[in-house]
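Enquirer: quick one: sequence and predicted model below, then my questions.
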Amino acid sequence: MRKLNHILALAIAAGFLFFSCENENVSPGDEVPEEILSKLTQLGFSTDGVMRFEDGFLVENDIYLTAGDIHRMSPGHNIPVVEQYSTDNLVTATPRVITVYMPTGRKGFSSGEQAGLDEAIRRYNAENLTITFQRVTSSSADIVFQRLSKGDERRGILGSAGFPTASGDPYGTIKMSGILESTYGLSTDGIATIMAHEMGHCIGFRHTDYFDRSISCGGGTANEGSGSIGANHIPGTPTGADLQGNGSWMLACTDGSSRPFTNADKTALNYLY
Ligand SMILES: [Zn+2]
């Protein structure tokens, strides 16, 4: 019961962060076409709260997919009943240094967010993977952080990213809220967790609990069912997502706390890279 209460509290907090403004400002033209929703379901994505975002759609809170991406994505190979999942496309040509750029200044990110990125990179590089991240001062980096629009920051979006390209490069743009520190009051470790999460998508991680987002997001059970496809189980990761302390960094929703890599996360990272 105690755990249940904890999860509920987390869910409410997560709900606040992600969903507080989700349904505002939606006009009839903003509706997501049925064919997009059904393709997303086939690919094993939750269709809860899918919204139009820039030139495409924001799926499961923070995954940016265009209609083209959605139609190009291929089905996965395993039935999603266990913990860690990757996309079909991964970063190739490893060992490889992935450069990361985050702008500073008025249209960039605060020192607190800069520190969050440094911590996110430190967490990955501490795992001695075949990919390492390196901050650079040139905007022609492999992954470029950009501020979300003011409107998207205000409507509660925390970040967005996509999946690796078919040619094996990491997804190149992470849109990130610039108000994680100023408005949400998140710590460096909390900010690092959100940034590491978006970087996780860029290198091919899906949401740990995508088969039931109620685990981290609260609300009703949102099971995509055993017929879901488009997510490949990573061998050696345990059965069933749960919050194990603060839980995996790839859970769909966050309460803003720090989620350093769990043992299962480390297994998954080491398996892929
Ligand atoms: Zn995500």
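Expert: Perfect, thanks for sending it. Residues are numbered from 1 along each chain as shown.

Enquirer: all helices of the stretch 51-200 of the chain, in order?
Expert: Per DSSP state H, counting those that start in this stretch, the stretch 51-200 of the chain carries helices over the ranges 67-72, 111-125, 150-154, 188-202.

Enquirer: quick one: mean pLDDT over the second one.
Expert: Computed over helix 111-125, the mean pLDDT rounds to 98.

Enquirer: in it, what counts as buried?
Expert: By neighbour count with 16 or more other CB atoms under 10 Å, helix 111-125 contains the buried residues 113-121, 123-124. (Each C-beta comes from the backbone N, C-alpha and C, glycine too.)

Enquirer: what helices and strands are in contact with that helix?
Expert: If contacts are counted by 3 or more CB pairs under 8 Å, 6 or more residues apart in numbering; DSSP states H and E, helix 111-125 sits against strand 131-135, helix 188-202.

Enquirer: looking at this, A268 is in a helix?
Expert: Yes - under DSSP: H, G, I helix; E, B strand; the rest coil, A268 sits within a helix.

Enquirer: that one against G204, yeah?
Expert: No - at 10.3 Å, A268 does not count as touching G204 under the criterion of CB atoms under 8 Å.

Enquirer: which neighbours do the two share?
Expert: S86 (CB atoms under 8 Å, 6 or more residues apart in numbering).

Enquirer: looking at these two, which is more packed in?
Expert: Neighbour totals were compared for A268 and G204, and A268 leads with 26 against 21 (other CB atoms under 10 Å).

Enquirer: redo the helices of the stretch 51-200 of the chain as JSON lines? Include distance to T94.
Expert: Formatted as JSON lines, the helices of the stretch 51-200 of the chain follow (distance: least, CB to CB, whole Å):
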{"stretch": "helix 67-72", "distance to T94": "23"}
{"stretch": "helix 111-125", "distance to T94": "13"}
{"stretch": "helix 150-154", "distance to T94": "33"}
{"stretch": "helix 188-202", "distance to T94": "14"}
